[in-house]
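Chemist: Got a sequence here, can you model it:
(one chain, ligands or ions: 1)
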Amino acid sequence: MKNTLGTTSIMLALVSVAACSSGQDEGREEQKKHAAAPSVEQHSGDTGDKDKEHAVAHWGYEGAGGPQHWGDLKEEFAFCKTGKKQSPIDISTSAVSKADLPAIEFHYQEAPLSMVNNGHTIQVNYPAGSSIKVGDATYELLQFHFHAPSEHTVDGKPFAMVAHLVHKSAEGNLGVVGVLMKEGNSNPALEPLWKVMPKQSGEKVDSKDITVSASALLPEDRSYYSYSGSLTTPPCSEGVSWMVLKNPVEVSTEQVAALAALFGNNARPVQELHDRTVSAN
Ligand SMILES: [Zn+2]
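Modeler: From the prediction side, this is the model:
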């Protein structure tokens with residue numbers, strides 16, 4: 001019994017991948033923090049410090065840690081405030097420039113389920129071997145996760161939800177595909193995931209018996225809006241190639257509510273476009 005508990009805390013300690021920033025600074029920082037968590041909990045004297053740190057420095061979607069304050073929470077988050085190529089944005093369809101964008105070639109494999117509640121969203125981590133090819137660039141799929149409502153808006157309107165499929169090229173560039181979700185029928189790709197959705201922050205669900213297919217999230221028509229932006233979570237690093245698919249898929253009211261019940265509104269508000277243009281194919 002003791003062993004089982006020990007294993008559980010080790011597992012929880014290792015679990016943490018930040019939304020929209022796999023492998024980046026925030027991920028490492030989160031890992032350190034979570035790695036320290038079990039020992040903190042064992043020494044009651046440290047609990048105060050932990051709470052204090054949480055109150056001062058932890059980012060979220062409301063109050064003192066909310067999006068308006070991200071840039072002030074830590075030096076590393078400065079881009080959230082000063083960046084001129086931030087995401088998400090409102091996509092104004094009348095201002096989009098028609099371009100000869102290469103089609104996104106999706107080469108996704110099925111994978112055993114590896115899902116984590118990282119405190120900000122539900123994230124499904126993907127093993128190596130799934131990728132997209134856009135022109136000459138190849139990006140490997142690292143993870144996908146969800147926001148409700150959608151972070152990008154189109155002509156001022158948010159969608160009920162969005163899936164962000166986060167990819168990284170061999171050169172280290174991030175490419176994120178956004179799949180907008182409008183309220184309608186239950187989304188069959190989400191059903192097996194939502195059934196076992198981890199409810200507690202830091203909780204992880206791994207199962208070889210449940211397979212995940214990132215392809216199942218995609219609409220049939222994969223035409224897209226393209227622009228250069230950032231992570232939508234701290235540290236808000238720029239240089240992210242955004243590919244927001246034009247055509248939404250459906251998600252039921254209940255499925256949106258199940259995510260919102262855990263995280264509330266977990267969408268960063270839209271940011272200034274500044275001197276960027278959005279193109280589309
Ligand atoms: Zn995201």
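Chemist: May I have the secondary structure class of the residue in the stretch 51-200 of the chain that the ion sits nearest to?
Modeler: Proximity of the stretch 51-200 of the chain to the ion (Cβ to the ion) peaks at His164, 3.5 Å away. In this view, the C-beta of every residue, glycine as well, is placed from N, C-alpha and C. On the three-state scheme (DSSP: H, G, I helix; E, B strand; the rest coil), His164 is labelled strand.
Chemist: Ramachandran angles for the closest residue to Ala214 other than its chain neighbours?
Modeler: Residue nearest to Ala214 in three dimensions, not counting chain neighbours: Tyr108, with 4.4 Å by Cβ to Cβ, 6 or more residues apart in numbering. Per-residue torsions, Tyr108: phi -100, psi 140 (degrees, to the nearest 10).
Chemist: Contact partners for Ala99?
Modeler: Ala99 sits next to 226, 279-281 when contact means Cβ atoms under 8 Å, 6 or more residues apart in numbering.
Chemist: Closest one to the ion out of these, please.
Modeler: Among these, and counting by Cβ to the ion, the member closest to the ion is Ser226, at 16.8 Å.
Chemist: At which residues are the helices of the stretch 1-150 of the chain located?
Modeler: Counting by DSSP state H, counting those that start in this stretch, residue ranges of the helices within the stretch 1-150 of the chain are 2-14, 25-42, 47-57, 70-73, 79-82.
Chemist: which stretch in those has the least confidence?
Modeler: Lowest mean pLDDT of these: helix 25-42, a mean of 34.
Chemist: Tell me the bridge partners for the residue of the stretch 51-200 of the chain closest to the ion.
Modeler: Beta-bridge partners for His164, by DSSP bridges, are His145, Gly178.
Chemist: can you check Asp90 too?
Modeler: Those that pair with Asp90 in a beta bridge, by DSSP bridges, are Thr153.
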